[in-house]
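Q: what's the 3D shape of this:
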Amino acid sequence: MGEVTQTARAGRLPWKRVGAAAVAYMGIVGSLATVYTSLTLHWLDGVSKTAWGLVAMVLGLAVVCLATILEHHLVERSHRVAPAPKSMPASIVDTLKAEFSRGNYSDVIRVGEALSRPFFEAGAFSVRLEIGCMVEDAAARLSRKREQYGALIDSIGWSLVELGRYTEAERQIKHGLRILEQQPEPDAFYEAKAHRHLGVIARREKRYDDARAQYEIAAQHAQAISSEHDALAMTAGLQYALASLAFHERRLEDAAPEIDAAIGSFRTLSDEYRLNMALVLRGDIEFECGETDDARDTYRHVLQNADRNKETLQYVRACLGLAAARVADCEWDGVPELLDLLNGLDLHQYKAEHDRLASLRAKLPA
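A: Model (predicted):
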């Protein structure tokens with residue numbers, strides 16, 4: 001629409017410019033006439049009408065040129081200072097902030113909760129965190145405890161985990177867990193999720209015994225989940241968590257069956273995002289077991305799925321895994337091009353992947 005408008009404008013005469021020049025021109029001529037009248041410059045009587053006409057034409061052209069130059073500079077300046085159009089996530093955040101400032105807390109909660117999963121799958125953890133904070137604040141103001149502890153444990157807590165801010169994440173999750181435990185009715189799903197998240201933090205900080213203890217608590221709470229779907233989702237998440245723990249402890253013989261179980265559960269749930277997440281880990285396990293060709297096939301399968309579904313984090317993980325497999329086989333030619341696919345992405349949101357990319361680049365021959 002903007003291009004059409006600009007084209008249409010380009011085809012019209014610049015009437016505003018011409019009008020401004022005409023006004024300026026008449027002002028100059030009027031000023032000369034005033035000077036002539038007030039000073040009675042009789043020596044000008046001898047100037048011919050033709051000379052006056054030429055002078056008037058020259059003055060008119062000069063005014064038009066000055067007006068054109070002035071307009072050009074003004075337009076150029078307006079283009080420089082014009083704000084860039086906001087992205088969709090930024091616009092959504094601004095809209096929610098406006099609704100929050102008007103006191104429409106219920107709308108903030110409803111919309112914010114609905115957007116949590118899409119931003120999670122897109123890997124937009126900073127945006128998800130910002131929206132989660134608004135949801136938590138709105139829920140606290142309305143004394144809606146379930147929405148408050150849900151935001152603290154998931155939208156805020158897990159986003160901070162993915163951003164590598166583990167101390168903050170642990171504090172927020174434990175805050176949510178305290179609110180949950182004070183409620184008259186238990187919520188086994190969120191109790192299990194909170195302990196699973198705390199286990200992930202411990203595992204990433206290499207406190208493997210603490211991670212295992214948290215997963216055991218989560219599994220106990222998972223047994224009390226009444227919804228069959230939610231119970232399977234929690235079981236699948238724990239299977240993935242245990243596979244990841246075994247992988248990082250170098251217990252690959254234990255990691256393989258756990259990740260296969262998680263893949264089966266995610267397929268039953270039709271949860272494609274977490275299925276791709278589990279497949280990336282399977283590729284990592286295959287790679288560490290020396291099954292490089294199988295790992296390549298797994299990573300490429302995830303690249304196809306994650307790219308189609310715009311799953312940024314899984315795309316990045318699969319890309320890095322495939323690059324690592326090629327480095328291991330000394331196939332240097334395709335590695336820079338593969339890593340260059342990540343140039344347009346902000347990997348600072350993904351701490352582990354950002355560090356892995358730097359490590360792979362350091363291995364490339366000069």
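Q: so where do the helices sit in the stretch 201-350 of the chain?
A: Along the stretch 201-350 of the chain, counting by DSSP state H, counting those that start in this stretch, helices occupy 208-222, 228-248, 252-269, 272-288, 292-309, 312-328, 335-340.
Q: looking at these, which has the lowest confidence?
A: Looking at the helices of the stretch 201-350 of the chain, the lowest mean pLDDT belongs to helix 335-340 (a mean of 84).
Q: save the helices of the stretch 201-350 of the chain as JSON lines, and put in mean neighbour count too.
A: C-beta here means a position set from N, CA and C on the backbone, and glycine is covered the same way. Formatted as JSON lines, the helices of the stretch 201-350 of the chain follow (neighbours: other C-beta atoms under 10 Å):
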{"stretch": "helix 208-222", "mean neighbour count": "18"}
{"stretch": "helix 228-248", "mean neighbour count": "20"}
{"stretch": "helix 252-269", "mean neighbour count": "18"}
{"stretch": "helix 272-288", "mean neighbour count": "22"}
{"stretch": "helix 292-309", "mean neighbour count": "18"}
{"stretch": "helix 312-328", "mean neighbour count": "23"}
{"stretch": "helix 335-340", "mean neighbour count": "14"}
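Q: of the ones you listed, which is nearest residue 198?
A: helix 208-222 (4.7 Å; C-beta to C-beta).
Q: so how far is the closest one from its chain's centroid?
A: How far helix 208-222 lies from its chain's middle: 31 Å, per C-alpha atoms, centre = their mean, to the nearest Å.
Q: which strands or helices does it pack on?
A: Using 3 or more C-beta pairs under 8 Å, 6 or more residues apart in numbering; DSSP states H and E as the contact test, the elements touching helix 208-222 are helix 188-204, helix 228-248.
Q: right, so of those helices, which gets closest to residue 299?
A: Nearest of these (C-beta to C-beta): helix 228-248, 15.4 Å.
Q: pLDDT weak spots in the stretch 51-200 of the chain?
A: Scanning the stretch 51-200 of the chain for pLDDT under 70 picks out 51-85.
Q: where along it do the helices fall?
A: For the stretch 51-200 of the chain, the helices defined by DSSP H, counting those that start in this stretch cover 88-101, 105-121, 125-141, 145-150, 157-162, 166-181, 188-204.
Q: could the ones you listed go into CSV alongside distance to residue 342?
A: Listed next are the helices of the stretch 51-200 of the chain as CSV, based on distance: least, C-beta to C-beta, whole Å:
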stretch, distance to residue 342
helix 88-101, 20
helix 105-121, 18
helix 125-141, 17
helix 145-150, 32
helix 157-162, 17
helix 166-181, 24
helix 188-204, 21
